[in-house]
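Colleague: pasting the structure only:
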């Protein structure tokens, strides 16, 4: 089953070059309903081309999207917690003394930052879906900026940890986004990013039928392309982990029990999470 997405309508579009290496040459890769992906001829990045403008893309995150988020917030929260544990978040927390600051970009209904607040962190969130953000503010008492991360314009060197789960694949300017993350992180601070892994087992198996091939995903990163983009923007990569060998319902449960740990062990999981650091000393 594909991830929730809105099919593109008559949105303004633009041609783009590769966000990783800047190469303009690419070749058609996957085609789906109303949109298609190309593959960079130089570095192998897979991305939609042409792409909708960011303002048009932002309009897709409406009440229908909020319903999807609120109906799935508990399993999403559980997966985020598992991902953070897997990437060594407890080690980060143990290193930080005094007040600790945590920013969650694409925080949805604020479940993660509410949990971090209980753990003693100073938290902020950013969410483009207004109904989801308003729910988080109203029901969880957390501070969420409604809009894009760039619009929030946080002060420089503001956060010890910035987290973005299943966000970077939705953006139209991932390089610019990472530059803003770098500006906003404290020297020595951590950036934790999770996103679908196009170099994983499921993507190779299902190709254009892969559940992450959706209109809302403008970029599909592999471990190699995302790592290169992060290094290009000045980040030091400390850890890379993957998980998820076979989606629920994609095969017999006994096959999933075998494939899931194997995909994780070999780095071919369906989702990847990277722990990165801004150079400097906290």
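Modeller: Good, I have the coordinates. Everything numeric here is computed off the predicted structure, so don't read it as measured data.

Colleague: point out where the protein drops to low pLDDT.
Modeller: Applying pLDDT under 70 to the chain flags the ranges 1-2.

Colleague: any chance you could map the helices in it?
Modeller: 54-58, 63-86, 89-95, 111-118, 130-140, 149-152, 174-184, 201-206, 223-232, 253-266 (DSSP state H).

Colleague: let's have those helices in JSON lines, adding distance to residue 102 and mean neighbour count.
Modeller: The way it works is simple: take the backbone N, C-alpha and C, and place the C-beta from them, glycine included. Output for the helices of the chain, formatted as JSON lines (distance: least, Cβ to Cβ, whole Å; neighbours: other Cβ atoms under 10 Å):
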{"stretch": "helix 54-58", "distance to residue 102": "24", "mean neighbour count": "16"}
{"stretch": "helix 63-86", "distance to residue 102": "11", "mean neighbour count": "15"}
{"stretch": "helix 89-95", "distance to residue 102": "10", "mean neighbour count": "14"}
{"stretch": "helix 111-118", "distance to residue 102": "5", "mean neighbour count": "20"}
{"stretch": "helix 130-140", "distance to residue 102": "14", "mean neighbour count": "19"}
{"stretch": "helix 149-152", "distance to residue 102": "14", "mean neighbour count": "16"}
{"stretch": "helix 174-184", "distance to residue 102": "12", "mean neighbour count": "19"}
{"stretch": "helix 201-206", "distance to residue 102": "30", "mean neighbour count": "18"}
{"stretch": "helix 223-232", "distance to residue 102": "19", "mean neighbour count": "19"}
{"stretch": "helix 253-266", "distance to residue 102": "26", "mean neighbour count": "14"}
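
Colleague: will you turn those into CSV that also has distance to residue 17?
Modeller: Shown next, in CSV, are those (distance: least, Cβ to Cβ, whole Å):
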stretch, distance to residue 17
helix 54-58, 16
helix 63-86, 29
helix 89-95, 35
helix 111-118, 34
helix 130-140, 32
helix 149-152, 20
helix 174-184, 11
helix 201-206, 23
helix 223-232, 13
helix 253-266, 32
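
Colleague: since that was my last question, I'll sign off now.
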